[in-house]
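[1] please find the sequence and the predicted model below.
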Amino acid sequence: MASSRRIGVLTGGGDVPGLNPVIKSVTYRSTELGYSVIGIRRGWEGLTHMRPGPDLDPEYLRRLDRDNTRTIDRSGGTVLHTSRTNPRKMRAERLPPNLSPERAASLQSDDGVYDLTPIVLENIERLGLDYLVAIGGDDTLSFAHALSERGIPLIAIPKTMDNDVPGTEYCIGFSSAITRAKELIGRQRTTLGSHERIGVFRIFGRDCGFTALYTAYVSSARCLIPESPFDLEPLVEVLLADKRLNPSHYALVVAAEGAMWRGGRLTDVGEADAYGHRHKANVGEVLADEIHRRSGEETVASELTYDLRSGEPDSLDQMVAITFANVAMDLISEGLSGRMVAIRDGKYAHIDLPGPGVPPRRVDVPTMYNEARFRPRYSDRLGHPMLPVGQPDALPLEVGAV
């Protein structure tokens, strides 16, 4: 199908502010390097469900150029749309409608799901893609790694509000999430103070507490993170003291969705997504009820989740998104593949695309979190990097500086 060099770009998983600046910057640099660009819509679903033909399937494919991407960086979300499609584990009801029963049967695995990796490989070849730029978090990038292992030239760009992709100190979307959370908490302080309540704010962070920790850092709140199981009685005592000493008679705590007190347990709820993840029961609501039961104080639970995805990126995310895209294009111009753009030691870099078994990054509790006070550590910061480094990477990763 392709008569010139061609790059495909897609966004997968949850949307975050900063995706559109990446798409625009990839498109602009591609035209400078002599590549045409195909936007693949709805993440990996675009490469499993696109209909073959002489023309691009408009439902899943879109030509990108300087004209139609000129203003997209001024808004949030992703103009290419996104999904949580996992081509290696697709249920029967999600199969492409144009897939014949015979072909589907050949792709079925022993556990009853379907591995559509061969379909993706065929569609990449059909589109004549010389490179693929995949923008996503752990789940999206896990399939990117699988394609790289199959020989597909690919560069990955990490994004997630959790900031937990292994190998990089920063992911697109993190700063905007903190900025939004600070604004939302700031507005709700007036209501908490008016009613003299204890506020519990639930925030992203199933496995790691970066978002909760840095939201607390900039809002002077207490926080609870998955890396540090806590005792309820000391927490209640601290919040009661905060409320008593506050002239407006309120207190607040930010809880990551995966945070839990010792002896407590939250069940997963709802249907598992394509990568096997289910939602956790709302720790904010459960914790607010528990604090009320133990203290007799009025509490209110608030969600800081989807609001953090909304709107345009803040300045830091905008800068990182633009730079990540340009670093990715630098790597493509050098003929490199199987790499992920990253920040290491506070510098732009690129690393081997993390493979299976590499755990997510987590908060380094001794240096970043005061467990006794339920607060970030504010003192002794000299010599520490500005960005949230977290625990050392579980596996050594070869780093290429840019």
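    Good, I have the coordinates. Numbers count the residues shown, from 1 in each chain.
[2] ok, Leu224 - contacts?
    When contacts are counted by C-beta atoms under 8 Å, 6 or more residues apart in numbering, Leu224 touches Gly209, Ala212, Phe230, Leu235, Val253, Val254, Ala255, Ala256, Ala259, Leu287, Phe374. Glycine gets a C-beta too; all of them are placed from N, C-alpha and C.
[3] now swap in Tyr250 and tell me
    Contacts of Tyr250 (C-beta under 8 Å, 6+ apart): Arg189, Leu192, Gly193, His195, Glu196, Arg197, Ile198, Gly199, Lys243.
[4] elements contacting the longest helix seen in the chain?
    The longest helix of the chain (DSSP state H) is helix 174-195. Contacts defined by 3 or more C-beta pairs under 8 Å, 6 or more residues apart in numbering; DSSP states H and E place helix 174-195 against strand 198-203, helix 210-219, strand 251-256, strand 299-304, helix 306-309, helix 315-333.
[5] show me what contacts Pro356?
    Counted by C-beta under 8 Å, 6+ apart, Pro356 has contacts Ser142, His145.
[6] now it: which helix or strand?
    Here Pro356 is covered by no helix or strand, with elements defined by DSSP states H and E.
[7] what's the spacing between it and Phe324?
    23 Å (C-beta to C-beta, to the nearest Å).
[8] how about the helices in this protein?
    19-32, 45-49, 66-69, 101-107, 117-127, 138-149, 174-195, 210-219, 232-245, 283-295, 306-309, 315-333, 365-368.
[9] between the ones you listed, which one is closest to Gly383.
    helix 365-368 (10.7 Å; C-beta to C-beta).
[10] circling back: what angle do the longest helix of the chain and helix 210-219 make?
    Helix 174-195 and helix 210-219 are oriented at 60 degrees to each other (axes from the mean of the first three to the mean of the last three C-alpha atoms, to 10 degrees).
[11] quick one: distance of helix 174-195 to the chain centre.
    In terms of C-alpha atoms, centre = their mean, to the nearest Å, the centre of helix 174-195 is found 21 Å from the chain centre.
[12] could you give me the buried positions within it?
    Using 16 or more other C-beta atoms under 10 Å as the test for burial, helix 174-195 gives 174-182, 184-185, 188-189, 192.
[13] now stretch 207-226
    Using 16+ other C-beta under 10 Å as the test for burial, stretch 207-226 gives 207-217, 219, 221-226.
[14] now stretch 90-100
    For stretch 90-100, by 16+ other C-beta under 10 Å, it's Met90, Arg94, Leu95, Pro96, Leu99.
[15] find the nearest non-adjacent residue to the fourth one, please.
    In this case it means Pro96. His49 (4.4 Å; C-beta to C-beta, 6 or more residues apart in numbering).
[16] can you name the residues that contact that neighbour?
    Applying C-beta under 8 Å, 6+ apart, one finds that His49 lies in contact with Arg42, Glu59, Tyr60, Pro96, Pro97, Asn98.
[17] give the contact list for the last one.
    Right, the one you point to is Asn98. By C-beta under 8 Å, 6+ apart, the contact set of Asn98 is His49, Arg51, Pro52.
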